[in-house]
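>>> Give me a model of this one.
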Amino acid sequence: MPGDDRESATDTAPPDSGERRGAATSQGAQDAMSLSLIRQHLQTAGEHVGDLLWWTLEDARITRSRLEAVWADAGLSPNFLPEAPTAEKALKTAVREAQTGQRDHLIRLGKEDDAELVFAVLAERRDGAGNVDAQQEARITLNRFARTLHTDAPQHELVRAVSDGYDRLLNTHTVDDVRRALVKTLGSCAAITLREHGGVYWVPAPYADTLRRLQLAVSNIGRSRLDLVPIHATPEAKQALGDAARSALNDDLSALREEIEGFLKQPPDRPSTLMRRLQTFEELRAKANLYHSVLQVQVSDLETTIGELAAHVEGLLNTTAAS
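From the prediction side, this is the model:
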């Protein structure tokens, strides 16, 4: 079972020695054995109520075209894919990466408008008396329309690092992009987070096929993996998962109530925002019905509360239309 927060996704560099490779192989064998034992104890009598899952993302940077192919081959909806990389995001990520670990240099945003994005590379100097002087050494400019970089110091070490990173990231998704795609897909499967900070999820049985398609996709992204443990209908499993499902529904309901109360004090500018909230209420109803059918979970006053919140939203919509 995962003790570490396996959702915290990082690119893992290849081992730099045979000893480390051997240790990784040994750990992998231990993990596989542990997972096998878990499955052996949990795959008992009773209907399948869903799957426990967690994942590890390693070497998970992937080009847009490759990610689209992996997703399509697994039969997953392209709606769950992250937005395609943009020149702005590529540059800002490259700047952030190049800045990491620097002590005497800073990269600061100097200008941002519809035509260009400009960063300045600054050198900091300290005189020992507590004074700091910053002097600009280079300028990096992104032409948004041409998606090209220009600089007045092409040989500057940090400028080269930013430029190389930009070229690499312009058509490449980061590990965080992949993680967001996983979370979005799981969200469509009515997944419940079983740990406060994520990392371990339960997905109801009706989404078992989608979940296994996702597992296939993840296995084809670098050295990543998504582990599944089928959960069957024992009294203990249904009690634990039922409590988690009820808590998740209550959290969603509380967040919606707080948001609608804010709308009543300050209505949103666009009616489309209110229309989306009505759709959210329907999605919450569907999720509650799903949890009830699988685990017999009931949330007291859920339907009444949703009805009251929906009435507030409809009232705001009518007021907006009248004005």
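>>> just the strands in the stretch 151-300 of the chain please.
Using DSSP state E, counting those that start in this stretch, the strands of the stretch 151-300 of the chain run over residues 172-173, 192-193, 201-204, 225-232.
>>> nearest to Arg180, of those strands?
Between Arg180 and those, the tightest spacing by C-beta to C-beta is seen for strand 172-173, at 9.4 Å. Where C-beta positions appear, they are placed from N, C-alpha and C, glycine not excepted.
>>> coming back round to it: let me have the strands of the stretch 151-300 of the chain in a markdown table, extended by mean neighbour count and mean pLDDT.
Formatted as a markdown table, the strands of the stretch 151-300 of the chain follow (neighbours: other C-beta atoms under 10 Å; pLDDT from 0 to 100):
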| stretch | mean neighbour count | mean pLDDT |
| --- | --- | --- |
| strand 172-173 | 21 | 93 |
| strand 192-193 | 20 | 88 |
| strand 201-204 | 23 | 92 |
| strand 225-232 | 18 | 91 |
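>>> For the ones you listed, give me JSON lines that also has distance to Ala310.
JSON lines is the format used below for those (distance: least, C-beta to C-beta, whole Å):
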{"stretch": "strand 172-173", "distance to Ala310": "37"}
{"stretch": "strand 192-193", "distance to Ala310": "24"}
{"stretch": "strand 201-204", "distance to Ala310": "24"}
{"stretch": "strand 225-232", "distance to Ala310": "33"}
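>>> quick one: low-confidence parts of the stretch 101-250 of the chain?
Residues of the stretch 101-250 of the chain meeting the criterion pLDDT under 70: 195-198.
>>> what's near enough to touch the closest residue to Glu97 other than its chain neighbours?
The shortest distance from Glu97 to any non-neighbouring residue, by C-beta to C-beta, 6 or more residues apart in numbering, is to Gly165 (5.4 Å). Applying C-beta atoms under 8 Å, 6 or more residues apart in numbering to Gly165 gives the contacts Ala90, Thr93, Ala94, Val95, Glu97, Ala98.
>>> what do you get for Leu106?
Taking C-beta under 8 Å, 6+ apart, one finds Gln99, Val121, Leu122, Glu124, Ala134 in contact with Leu106.
>>> Name the residues of the helix or strand where it lies that are buried.
Leu106 belongs to strand 105-112 when assigned by DSSP states H and E. Applying a neighbour-count criterion of 16 or more other C-beta atoms under 10 Å, one finds His105, Leu106, Ile107 buried in strand 105-112.
>>> residue boundaries of the strands in the stretch 1-150 of the chain?
48-56, 62-63, 105-112, 116-126, 132-143, 148-151.
>>> distance between the shortest one and the chain's centre?
The gap between where strand 62-63 is centred and where its chain is centred comes out at 16 Å by C-alpha atoms, centre = their mean, to the nearest Å.
>>> If you count contacts, what does that strand end up packed against?
strand 172-173 (3 or more C-beta pairs under 8 Å, 6 or more residues apart in numbering; DSSP states H and E).
>>> Over to the last one?
In terms of contact count using 3+ C-beta pairs under 8 Å, 6+ apart, strand 148-151 is assigned the packing partners strand 132-143, helix 157-169.
>>> Please work out which of these is packed deepest.
helix 157-169 (a mean of 18; mean count of other C-beta atoms under 10 Å).
>>> Kindly format the C-alpha coordinates of that helix as CSV.
Output of helix 157-169 as CSV, limited to C-alpha atoms (Å, rounded to 0.1, in the frame of the first residue of the first chain):
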residue,chain,number,x,y,z
GLU,A,157,24.7,31.0,-19.7
LEU,A,158,21.2,31.7,-18.3
VAL,A,159,19.9,32.9,-21.7
ARG,A,160,21.1,29.7,-23.3
ALA,A,161,19.4,27.7,-20.6
VAL,A,162,16.1,29.5,-21.1
SER,A,163,16.4,29.2,-24.9
ASP,A,164,17.1,25.5,-24.7
GLY,A,165,14.2,24.9,-22.3
TYR,A,166,11.9,26.9,-24.5
ASP,A,167,12.7,24.9,-27.5
ARG,A,168,12.2,21.7,-25.6
LEU,A,169,8.9,22.7,-23.9
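>>> What's the local residue count around the residue lying closest to Phe145 once chain neighbours are set aside?
Of all residues not flanking Phe145 in the chain, Ala115 sits nearest, at 7.2 Å (C-beta to C-beta, 6+ apart). Neighbours of Ala115 under the rule other C-beta atoms under 10 Å: 11.
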